[in-house]
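Visitor: got a predicted model here, sequence first, then my questions.
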Amino acid sequence: MSTATTHDAHHEEQRSGLMRWVFTTNHKDIGTLYLLFSLLMFMVGGAMAMIIRAELFEPGLQFVQPQFFNSMTTMHALIMIFGAVMPGFVGLANWLVPMMIGAPDMALPRMNNWSFWILPFAFAMLLSTLFMEGGAPAGGWTMYPPLVLQTGNAFPFLIFAVHLMGISSIMGAINIVVTIVNMRAPGMTLMKMPLFVWTWLITAYLLIAVMPVLAGAVTMLLTDRNFGTHFFNAAGGGDPVMFQHIFWFFAHPEVYILILPAFGIVSQVIPTFARKPLFGYASMVYATASIAVLSFIVWAHHMFTVGMPVTAQLFFMFSTMLIAVPTGVKVFNWVATMWKGSMTFETPMLFAIAFVCLFTIGGFSGLVLAIAPVDIQLHDTYYVVAHFHYVLVSGALFSIFAGIYYWLPKWTGHMYNETLGKWHFWLSVIGMNIVFFPMHFLGLAGMPRRIPDYALQFTEFNQIATVGAFMFGFSQLIFLIVVMKAIKGGEKATAQVWEGAEGLEWTVPSPAPYHTFETAPVVK
């Protein structure tokens, strides 16, 4: 052991209480920090969604001004994407990737600590804009010019916060790639890694590739606003549509960054509760990789209404439809894994099954929106809102729930309350469908998104959606109680938490790493 390492170990022993969490370089501690931060941001972003839905309960302006309503839609999206879902997945990666590949820790532990601690500052800056003159950013999370350039004093804070989130994501991704490539246990080839590790390896490459693109786009916005450049200003020879191209070249791979780790979690959970190995491991790996590659060539399907040539529309339409093929392969494999399995329905499995069913609905509405002439009709309506929430709520969010219920006994040493877990599941699933399913009909009838008021004929579906939203929102308090109870105590978790899942929990033929929870050496 080098002097530096002994020195670090000595310091670790001396630190206690709060300082342990500030300076920690332990992957489990940092994973816990990410997950707790993600939970906090999930609650904040959820509260913003409640404001949006309360305003839309009936026509007319009830609770908030249109400007503030638009701020809420903008902030809700930024917080849920960059504050809740991404840190949630990074927290799971920090906890599990080293243990799944038999590594003692992440490859770059100090950078790991830094990449977490940037986030609270980024979101403090973003949330501080709520108290600024001119209000919080209201240009949508897409930050389209010229609209976003009118965002008063909040503008530089928004841009700097986005930069910090990007830096954090890039550092986290580099760490994950280096860990997986360099620190696997002897004998663990790439094709023996658990699928969760595979999906994160691919996700990390996506992050490294696209985060600098976002950084470039928002930097050009900043110089347009403050330094007299005209990248996106038509009056000065710029092009606002160019911003859309750059932004969506980042943001389309980004939505796959938000869903690929979900595929990994579900591919760990389903085999355990079906008591069968995953069906078609290799095809799952290749499907994940091909989704990642294809995600780079479909960005302009968000832009069918900007007046692009018909040939371009055709290209983006067909390439978007092509993504459905590897995704369909994955859904087939999950169903085939469950087929004739000896299934039980604990909370993680319920969330995984809900994921497969509801994510598929989101996939189908995505295929509808891939058809250029249809999309031109549905663009910027509630149909789009319904589509991406089916992908991200029942996709990303439900898989995070599945993962947390699945690994919580391993993390805390205590079983969570299964009855409360099932209540959380059923209320979430029913609430989620009540809020987002009617939005398909609203969109087909032409109700535009991001507008605080609407015509009378849309009232009933909006009222149904709002009731569902509050049901979904309040059911998350049950989740909070479940997590807190498991952390504080409860029934002791056994070494083999999930009955009959012998050997399937890490799903690798190589020997289990020494660094599992039960056998990890205790540092006195």
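Guide: Yep, that arrived. Because the structure is predicted, anything quoted here is derived from the model rather than measured.
Visitor: what segments of the stretch 351-500 of the chain are helices?
Guide: 372-378, 382-391, 398-412, 418-444, 459-488 (DSSP state H, counting those that start in this stretch).
Visitor: possible to save those as a markdown table with mean pLDDT?
Guide: Shown next, in a markdown table, are the helices of the stretch 351-500 of the chain (pLDDT from 0 to 100):
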| stretch | mean pLDDT |
| --- | --- |
| helix 372-378 | 96 |
| helix 382-391 | 97 |
| helix 398-412 | 95 |
| helix 418-444 | 97 |
| helix 459-488 | 96 |
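Visitor: now render those as JSON lines, adding mean neighbour count and distance to residue 55.
Guide: All C-beta spots, glycine's among them, are computed from the backbone N, C-alpha and C. Compiled in JSON lines, those are given as follows (neighbours: other Cβ atoms under 10 Å; distance: least, Cβ to Cβ, whole Å):
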{"stretch": "helix 372-378", "mean neighbour count": "16", "distance to residue 55": "23"}
{"stretch": "helix 382-391", "mean neighbour count": "23", "distance to residue 55": "14"}
{"stretch": "helix 398-412", "mean neighbour count": "24", "distance to residue 55": "26"}
{"stretch": "helix 418-444", "mean neighbour count": "20", "distance to residue 55": "14"}
{"stretch": "helix 459-488", "mean neighbour count": "17", "distance to residue 55": "9"}
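Visitor: closest one to residue 240 among those helices?
Guide: Distance to residue 240, taken as Cβ to Cβ, is lowest for helix 372-378 among these, at 18.9 Å.
Visitor: give the other helices and strands that the closest one contacts.
Guide: helix 310-338, helix 347-370 (3 or more Cβ pairs under 8 Å, 6 or more residues apart in numbering; DSSP states H and E).
Visitor: out of these, nearest to residue 67?
Guide: Comparison of those against residue 67 by Cβ to Cβ identifies helix 347-370 as nearest, at 28.7 Å.
Visitor: now do the closest one: which elements does it pack against?
Guide: Partner elements for helix 347-370 (3+ Cβ pairs under 8 Å, 6+ apart): helix 260-274, helix 310-338, helix 372-378, helix 382-391, helix 398-412, helix 418-444.
Visitor: can you lay out those helices as TSV showing distance to residue 71?
Guide: Listed next are those as TSV, based on distance: least, Cβ to Cβ, whole Å:
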stretch	distance to residue 71
helix 260-274	29
helix 310-338	31
helix 372-378	25
helix 382-391	17
helix 398-412	26
helix 418-444	21
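Visitor: which among those is found nearest to residue 241?
Guide: helix 310-338 (12.0 Å).
Visitor: out of the helices and strands packed on helix 347-370, which comes closest to residue 245?
Guide: That would be helix 310-338 among these, by Cβ to Cβ, at 10.8 Å.
Visitor: which helices and strands sit right next to the closest one?
Guide: Counting contacts by 3+ Cβ pairs under 8 Å, 6+ apart, helix 310-338 is packed against helix 260-274, helix 281-294, helix 347-370, helix 372-378.
Visitor: tell me which residues of that helix come out buried.
Guide: The neighbour-count check on helix 310-338 (16 or more other Cβ atoms under 10 Å) flags 313, 315-317, 319-320, 323-324, 326-327, 329-331, 333-334, 337-338 as buried.
Visitor: if we go by neighbour counts, what in the helix or strand hosting residue 37 is buried?
Guide: Taking DSSP states H and E as the criterion, residue 37 maps to helix 27-55. Using 16+ other Cβ under 10 Å as the test for burial, helix 27-55 gives 27-35, 37-39, 41-46, 48-53, 55.
Visitor: next, the angle from it to helix 398-412.
Guide: Orientation of helix 27-55 against helix 398-412 (axes from the mean of the first three to the mean of the last three Cα atoms, to 10 degrees) gives an angle of 140 degrees.
Visitor: for helix 27-55, what is the distance to the chain centroid?
Guide: 11 Å (Cα atoms, centre = their mean, to the nearest Å).
Visitor: angle of it against helix 418-444?
Guide: 50 degrees.
Visitor: what's downstream of helix 27-55, the next helix or strand?
Guide: Criterion used, DSSP H and E; the element after helix 27-55 is helix 66-78.
Visitor: what mean pLDDT does the helix or strand just after that next one have?
Guide: The element immediately downstream of helix 66-78 (helix or strand, assigned by DSSP H and E) is helix 86-101. For helix 86-101, mean pLDDT rounds to 96.
Visitor: longest helix anywhere in this structure?
Guide: helix 195-226 (DSSP state H).
Visitor: who's in contact with the following helix or strand past that helix?
Guide: Counting by DSSP H and E, the element after helix 195-226 in chain order, helix or strand, is helix 240-257. Under the contact criterion Cβ atoms under 8 Å, 6 or more residues apart in numbering, helix 240-257 has outside partners 81, 86, 142-146, 203, 206-207, 209-211, 213-214, 216-217, 220-221, 231-234, 291-292, 295-296, 298-303, 306, 388, 391-392.
Visitor: I'm done for today, thanks for sticking with me.
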